[in-house]
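Pasting a predicted model and its sequence here:
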Amino acid sequence: MLSSSKLSLPPREHIGGWRELISRVSIRSMAKSIVALAAASCLAVLAAGGTYALLNSSATAGSGATITSGTAALTVSSLSLSTTLYPGLTIYAPVTVSNVGQVRLTTRIAGLTAPTASTTFSQSLSVGVGVAASAAACQAGSVASTWSGTLHGPNTPANIGPTLPVGGSIILCVALTLPIGAPSGAQGQSATSFGVRLDGTQV
């Protein structure tokens, strides 16, 4: 047996009201969705802005840079004065002073290094230093000393020569003299391991 059911429709006068109600519900739902979407967008932007500001404030400018201090350095060639002295004789020997650092330097005679053992002979010696145009000029004895001292001191430090540029060098002429009035007790003695102390100052 077939059975049928009847679909009941609302009265015609209520159909328009339902449409109005559905429309109001749909609009309200959409409005809520739009508001929710707008709020989410604002939060996302604020969160992104907050994160960006935090990263900016924590960034360190130049974190990959490396700074290394420069150096000031002098080298001096060996001094050779191996000969026999007698009263009134002066012997000469050149040394080359080079600026091997990274800054310009003034050169100074800081003093003398005393011999291993102090003797009458070593106490009688005087040392002079001047700037030479060449090693040959120094060895010929034609260079005047602009600084002088004694091995028993004390001696006064003094600048010598021009300012040395980086990579530059000068020739210093070291003069060693046994005065004519040296005591007779200086005979047959020696002076070993003495030297001229140099230093450089940045300019």
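That came in fine, so what should we check first? Residues are numbered from 1 along each chain as shown.

how is this protein carved up into domains?
If you go by automatic domain parsing, the domain ranges for the chain are 14-53, 74-183+192-202.

for the ones you listed, which one sits closest to Ile67?
Nearest to Ile67 among these is domain 74-183+192-202 (13.2 Å), distances taken as C-beta to C-beta. Any C-beta I mention is one placed from the backbone N, CA and C, and that applies to glycine too.

Span of that closest one from start to end?
One end of domain 74-183+192-202 sits 11 Å from the other (C-alpha to C-alpha, to the nearest Å).

same thing with stretch 67-86?
Stretch 67-86 has an end-to-end distance of 56 Å (criterion: C-alpha to C-alpha).

Number of residues surrounding the nearest residue in space to Arg197 that is not next to it in sequence?
In this structure, Arg197 finds its nearest non-sequential neighbour in Ala110, 4.2 Å apart by C-beta to C-beta, 6 or more residues apart in numbering. Using other C-beta atoms under 10 Å, Ala110 is surrounded by 14 other residues.

Could you list the buried residues of the host helix or strand of Ala110?
Counting by DSSP states H and E, the element that carries Ala110 is strand 105-113. The neighbour-count criterion (16 or more other C-beta atoms under 10 Å) identifies 105, 107-109, 111-112 as the buried residues of strand 105-113.

contacting residues around Ala132?
Contacts for Ala132 (C-beta atoms under 8 Å, 6 or more residues apart in numbering) come out as 94, 138, 143, 171-173.

do Ser77 as well
By C-beta under 8 Å, 6+ apart, the residues touching Ser77 are 95-96.

how near is it to Val97?
8 Å (C-beta to C-beta, to the nearest Å).

Over to Leu105?
Counting by C-beta to C-beta, the gap from Leu105 to Val97 is 9 Å.

My read is that Thr192 contacts Ala117, right?
Yes. The criterion here is C-beta atoms under 8 Å, and Thr192 meets it with Ala117 at 7.5 Å.
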